[in-house]
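S.K.: How does the following fold in three dimensions:
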Amino acid sequence: MIIQDGVMLAAHCGPATPMNTGFIISMDLGKTWAQYDLKEFGKRSPTRFHEKNGEGWFRVDLRSGWIQRAEVLFIKPK
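M.R.: You can find the predicted model right below:
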């Protein structure tokens, strides 16, 4: 999970959730939450969250199963 500039971004653990690549986000420091499932990636666990870059994109490392490296994803909350 990462908290930066009023945004909280967290993830579902791939092997322990019915979602494929599940994210949880709050744009107001936890007052309200939304969940998203990025099914196009298949069963992935979003792990290491990196701080936003200069353009506002968070980098998220994805794993298949519990630990095998998979894709890198960039997310820009609106």
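
S.K.: pretty sure Cys13 is touching Arg44, no?
M.R.: No: with contact defined as Cβ atoms under 8 Å, Cys13 and Arg44 do not form a contacting pair (10.0 Å). In this view, the C-beta of every residue, glycine as well, is placed from N, C-alpha and C.

S.K.: Which one's more surrounded, those two?
M.R.: Arg44 (24 against 13; other Cβ atoms under 10 Å).

S.K.: Return the residues in contact with Arg48.
M.R.: Arg48 is in contact with Val60, Asp61, counting by Cβ atoms under 8 Å, 6 or more residues apart in numbering.

S.K.: That one should be in a helix, yeah?
M.R.: No: with DSSP: H, G, I helix; E, B strand; the rest coil as the criterion, Arg48 is located in strand rather than a helix.

S.K.: what separates it from Pro18, distance-wise?
M.R.: In this view, Arg48 and Pro18 are 23 Å apart by Cβ to Cβ, to the nearest Å.

S.K.: next one: Gly30
M.R.: From Gly30 across to Pro18, the span is 23 Å (Cβ to Cβ).

S.K.: Need the three-state assignment for Gln35.
M.R.: Following three-state DSSP, Gln35 is assigned to strand.

S.K.: Now for it: which residues touch it?
M.R.: Counting by Cβ under 8 Å, 6+ apart, the residues that Gln35 touches are Met19, Gly22, Phe23, Ile24, Ile25.

S.K.: Now render those as a markdown table, adding pLDDT.
M.R.: A markdown table is the format used below for the contacts of Gln35 (pLDDT from 0 to 100):
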| residue | pLDDT |
| --- | --- |
| Met19 | 91 |
| Gly22 | 92 |
| Phe23 | 94 |
| Ile24 | 95 |
| Ile25 | 96 |
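
S.K.: now, which of those residues sits nearest Glu71?
M.R.: Distances from Glu71 to the contacts of Gln35, taken as Cβ to Cβ, are shortest for Phe23 (13.8 Å).

S.K.: Quickly list what that closest one is bridged to.
M.R.: Listed by DSSP bridges, the beta-bridge partners for Phe23 are Ala11, Tyr36.
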